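Visitor: Got a predicted structure plus its sequence, pasted below:
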Amino acid sequence: MSGSWWSSEPVTHGLVALFAMGSWISVNSLWVELPVVVRVLPEGWNLPAYLSVLIAFGNLGPIAVTITHHCAPGRLNERLVIHCIQLLAVVVSVFLAIFWSHTVIIAGEKRSLPFLLFTFVLSLVSCTSNVTFLPFMFRYPPQYIRTFFIGQGLSALFPCIVALGQGVSKLECKTVNNTVKPQYLDESFPAQNFFWFLFVMLSVSALSFLALTQRRTTTKQDAPPQESDNVAVTNNGVETHPLHNGGTPVSEEEVQVEEQQPVQTFWTQHNIYLLALLGVSNALTNGVLPSVQSFTSLPYGTMTFHLSVVLGNIANPLACFLAMFVVMRSSAGLGLLSLAGGVFAAYLMALAALSPCPPFMEHPSIVPLQVISWIVFTGLFSYLKVVIGTLLHEAGHAALLWCGISIQAGSLIGALVMFPLVNVYHVFTRSQDCVDNCS
């Protein structure tokens, strides 16, 4: 009886969410802390370009995992890989907190080599998590996939809230010699403390995964006998895969048996359609629109920018939570959702292209419309991602591997498309602080 609470569903959901939170919290934390570190490190505002390139190189991890699955199917111990990359992330976050501001001389110039090296390792861990964390979740019933995506949403929300409390990018417009200039205010606490927060979050995620792996054996031993292991169980309209024994996580051996089953039936038109939708949605939410968020929001003021970032990040886990109760299985419905999200994405891209002087800037309804557009855009595609992940979960272990590959590939393509447009060709013009950009 004493262990019944530990084996309960709410505890499992909480551990899964905290485990998933560690997937991208490193990269998200580095992005939100950039306005602070660029004022210290010698690369200055060239640092975002370096960060984008290093994240792209982080895809070496998913490539290695995918090749291993292809060349030695069923041989990769996902649990061991996850333990290793989580331990690596925790250790590197400690070094980041201590040595982030250290520089070395390369070719006669100061370079923040330690920061860039730690950034690459953390990017490698985050990218690899998409093709290891998701396949691991095949051991659990479909509803836990939705909790997993809620946790991924928290990986963006938590750093954002801490950065707001830190006072990142706060400024005052002051007149000096008849010229109005921005004066950036000091943060409430230094970047080193923020990176220690990252260490704590990564440690919580690693400990949550360790607890999940320890509970798996206990839960299976304590679970009551199931009525049937040969038929799918329908509960509240959601199918439970027969391999899951109802609500009980399966063993490593059962997963390997599933991996060895013929997979040719997976490549149906429906599943290819789902993977394509997933890739496009992640290209937009993780690559294209984040690259231009400052161009869409800053013309209306820093408060509008902060509201867009925070409320958009809140919409992510809320949409995932909605998917716990409502799962749209219609292919046409999913297509309409993606089309609706695409409309808001097109509107936001138009604002970015017209920055720093988008039309109707002085209209009282334009600021709420801009913020709401970010909320709806993020919410629709977050919900779409969770639903597709749930549907692919039912298609087997290999389907979740391809789910992670599609997420990572879409994110990478979106970032690679936007990088030259933003950083090389300067297609978009950023609004300048304390200046009338439209005079």
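Guide: That came through fine.
Visitor: where exactly do the helices run in the stretch 201-350 of the chain?
Guide: 252-260, 269-283, 289-291, 293-297, 302-322, 331-354 (DSSP state H, counting those that start in this stretch).
Visitor: could the ones you listed be laid out in JSON lines, adding mean neighbour count, mean pLDDT and distance to residue 55?
Guide: (Glycine included, C-beta is placed from N, CA and C.) Formatted as JSON lines, those follow (neighbours: other Cβ atoms under 10 Å; pLDDT from 0 to 100; distance: least, Cβ to Cβ, whole Å):
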{"stretch": "helix 252-260", "mean neighbour count": "15", "mean pLDDT": "51", "distance to residue 55": "29"}
{"stretch": "helix 269-283", "mean neighbour count": "19", "mean pLDDT": "95", "distance to residue 55": "14"}
{"stretch": "helix 289-291", "mean neighbour count": "21", "mean pLDDT": "91", "distance to residue 55": "12"}
{"stretch": "helix 293-297", "mean neighbour count": "22", "mean pLDDT": "89", "distance to residue 55": "16"}
{"stretch": "helix 302-322", "mean neighbour count": "20", "mean pLDDT": "90", "distance to residue 55": "18"}
{"stretch": "helix 331-354", "mean neighbour count": "16", "mean pLDDT": "96", "distance to residue 55": "21"}
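Visitor: looking at those, which is closest to residue 204?
Guide: Taking Cβ to Cβ, helix 302-322 is the member of these nearest to residue 204, at 16.3 Å.
Visitor: returning to that earlier point: for residue 410, which of the helices of the stretch 201-350 of the chain is the nearest?
Guide: Nearest of those (Cβ to Cβ): helix 269-283, 3.6 Å.
Visitor: contact partners of that closest one?
Guide: 331, 334-335, 338, 341, 381, 384-385, 388-389, 391-392, 395, 399, 402-403, 406-411, 413-414, 417 (Cβ atoms under 8 Å, 6 or more residues apart in numbering).
Visitor: Which residue ranges of the stretch 101-250 of the chain form strands?
Guide: 104-106, 109-111, 171-176, 179-184, 233-235, 238-240 (DSSP state E, counting those that start in this stretch).
Visitor: Output those strands as TSV; include the columns mean neighbour count.
Guide: Formatted as TSV, these follow (neighbours: other Cβ atoms under 10 Å):
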stretch	mean neighbour count
strand 104-106	9
strand 109-111	13
strand 171-176	10
strand 179-184	12
strand 233-235	13
strand 238-240	17
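Visitor: With respect to residue 19, which of the ones you listed lies nearest?
Guide: strand 238-240 (20.6 Å).
Visitor: for that closest one, what is the average pLDDT?
Guide: The average pLDDT within strand 238-240 is 39.
Visitor: Spit out the contact partners of residue 411.
Guide: Taking Cβ under 8 Å, 6+ apart as the test, what residue 411 contacts is 282, 283, 286, 287.
Visitor: ok, now how distant is it from residue 177?
Guide: To residue 177, residue 411 is 46 Å away according to Cβ to Cβ, to the nearest Å.
Visitor: coming back round to it: mind checking which of the contacts of helix 269-283 are buried?
Guide: By neighbour count, with 16 or more other Cβ atoms under 10 Å, these hold 334, 338, 341, 381, 384-385, 388-389, 391-392, 395, 399, 402-403, 406-411, 413-414 as buried.
Visitor: Compute the distance between residue 367 and residue 361, please.
Guide: Taking Cβ to Cβ, one finds residue 367 at 9 Å from residue 361.
Visitor: Overlap in contacts, the two.
Guide: With Cβ under 8 Å, 6+ apart as the test, residue 367 and residue 361 both reach residue 300.
Visitor: Neighbour count: the two, which is higher?
Guide: residue 367 (17 against 14; other Cβ atoms under 10 Å).
Visitor: show me what contacts the more buried one?
Guide: 300, 301, 304.
Visitor: Between helix 269-283 and the helix or strand that it is a member of, find me the angle.
Guide: According to DSSP states H and E, residue 367 maps onto helix 366-393. Taking axes from the mean of the first three to the mean of the last three Cα atoms, to 10 degrees, one finds helix 366-393 and helix 269-283 inclined to each other by 140 degrees.
Visitor: the inter-axis angle of helix 366-393 versus helix 331-354?
Guide: Going by the same axes, to 10 degrees, helix 366-393 makes 140 degrees with helix 331-354.
Visitor: mind listing what's buried in helix 366-393?
Guide: Here helix 366-393 shows 366-367, 370-371, 373-393 as buried, counting by 16+ other Cβ under 10 Å.
Visitor: any low-confidence regions in the stretch 1-150 of the chain?
Guide: Within the stretch 1-150 of the chain, the stretches with pLDDT under 70 are 1-3.
Visitor: Format the strands of the stretch 101-250 of the chain as CSV; extra columns: distance to residue 345.
Guide: Formatted as CSV, these follow (distance: least, Cβ to Cβ, whole Å):
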stretch, distance to residue 345
strand 104-106, 40
strand 109-111, 37
strand 171-176, 29
strand 179-184, 30
strand 233-235, 35
strand 238-240, 29
